[in-house]
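This is the structure alone, sequence omitted:
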């Protein structure tokens, strides 16, 4: 547990691969600041994430990325065969905060690919109950064979998914029971 960012793991300018792992019950809860990444905080050039066959559950952050927070203008993020559930953000701070399960701030040529995964029961005090993706006009979001269920964005948009400025493709996806 930490009162700052990255309750479980904090990385800077690093490529991270997580396979067959559990990130559970980690905290970055200091509500006096915009602390982020309950389980995992990643920031800086070269910060890329591959999460495969893993579970991110029951994590808490003060502002953004209750489960995972990543900020890199050219981030390449892959989530496959994983469960992101029961993660929470605690504060409604600025317009660009949220992402109960996963927060990705990548205002450049970024790519977010999610396949065969479940995002359930995540909660954000702001936007993107399960997922908040702030991309750019050349960003790409691909979502395949996945479910976004029973997530909440308590004071803003995107109960399940919030995407800003990214070409978005959903294929064989269920988005149900989410609230904004």
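Received the coordinates, thanks. Just so we're clear, the structure is a prediction, and the values are computed from it rather than from any experiment.

make it CA atoms for all contacts and neighbour counts henceforth
Will do.

Flag the shaky bits of this protein, pLDDT-wise.
1-3, 92-96 (pLDDT under 70).

Looking at it, which residue reaches furthest from the middle?
Computed with CA atoms, centre = their mean, the residue of the chain farthest from its C-alpha average is residue 32, at 21.2 Å.

residue contacts, that one?
By CA atoms under 8 Å, 6 or more residues apart in numbering, the contact list for residue 32 is empty.

for the one 3 residues further on, same thing?
Residues near residue 35 by CA under 8 Å, 6+ apart: 3, 4, 5, 28, 29, 61, 62, 63, 64.

how many neighbours does the nearest residue to it once chain neighbours are set aside have?
Leaving aside its sequence neighbours, residue 35 sits nearest to residue 5 (CA to CA, 6 or more residues apart in numbering; 4.9 Å). Here the number of neighbours of residue 5 (other CA atoms under 10 Å) works out to 30.

go on, residue 20?
For residue 20, the tally of surrounding residues (other CA under 10 Å) stands at 11.

do the same with residue 169
For residue 169, the neighbour count with other CA under 10 Å is 12.
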